[in-house]
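K.L.:
Sharing a model prediction with you, sequence too.
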Amino acid sequence: MSGSVQARRIRRVVRVGFMAAGKTTVGRRLADLLGWRFETSSRISKRPPDGASLRVSAEEAVRRAGADSVVRPLLRTADPLASARHLLTVREPDYAQADWIVDVNGRAPLEVARALSERLKQAGVDPLPRQQDGRGGV
């Protein structure tokens with residue numbers, strides 16, 4: 001970046017979002033694009049620093065969840081779509097607090113990872129390369 005604006009340097013981008021939004025798959029692709037290692041986010045708080053929310057519709061989440069082999073207990077109801085809609089309504093305020101929000105509906109994981117990488121650049125974020133000590137991850 002030029003001028004008096006300094007890039008915001010980060011070492012980690014944490015993905016949040018509803019089930020089947022692609023947090024793991026997109027995270028792996030983003031890590032590859034940034035030259036970082038991939039880390040799961042299961043122990044990260046709802047509002048992490050440098051967070052990216054992967055926004056998915058209830059319909060897309062149910063479609064994706066039905067297409068993979070992972071058991072989704074939250075959708076083991078009489079009406080999975082109604083359950084997904086309810087859960088998204090409850091959780092959306094937390095997801096909306098992320099620094100970057102990327103819509104994933106109908107998009108391939110690599111396309112989403114590229115879009116997120118571009119959003120980081122547009123926001124003046126300078127992802128630090130992975131350190132020898134292992135810091136720097138998606």
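P.N.:
Right, received. Where do you want to start? Numbering: from 1, shown residues only.
K.L.:
residue contacts, the residue nearest in space to the middle of the chain?
P.N.:
Centroid-nearest residue in the chain: residue 15, 3.1 Å away (criterion: Cα atoms, centre = their mean). For residue 15, the contact set (Cβ atoms under 8 Å, 6 or more residues apart in numbering) comprises 23, 26, 27, 30, 41, 51, 52, 53, 54, 138. Bear in mind the C-beta positions are built from the backbone N, C-alpha and C, glycine included.
K.L.:
Give me the pLDDT value at the residue lying closest to residue 113 once chain neighbours are set aside.
P.N.:
Distance criterion Cβ to Cβ, 6 or more residues apart in numbering; nearest residue to residue 113, sequence neighbours excluded, is residue 29 at 3.5 Å. pLDDT recorded at residue 29 is 94.
K.L.:
which residues sit in contact with residue 29?
P.N.:
Counting by Cβ under 8 Å, 6+ apart, residue 29 touches 109, 110, 112, 113.
K.L.:
Of the residues you listed, select the buried ones using a ChimeraX command.
P.N.:
The ChimeraX selection below is limited to those of these classed as buried (16 or more other Cβ atoms under 10 Å):
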select :109,112,113
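K.L.:
Reformat the contacts of residue 29 into JSON lines and put secondary structure, distance to residue 69 and pLDDT next to each item.
P.N.:
Formatted as JSON lines, the contacts of residue 29 follow (DSSP: H, G, I helix; E, B strand; the rest coil; distance: Cβ to Cβ, whole Å; pLDDT from 0 to 100):
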{"residue": "109", "secondary structure": "helix", "distance to residue 69": "17", "pLDDT": "95"}
{"residue": "110", "secondary structure": "helix", "distance to residue 69": "21", "pLDDT": "96"}
{"residue": "112", "secondary structure": "helix", "distance to residue 69": "21", "pLDDT": "96"}
{"residue": "113", "secondary structure": "helix", "distance to residue 69": "22", "pLDDT": "95"}
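K.L.:
Now the two most distant members of the contacts of residue 29.
P.N.:
Using Cβ to Cβ, the contacts of residue 29 reach their maximum pairwise distance at 110 and 112, which is 7.3 Å.
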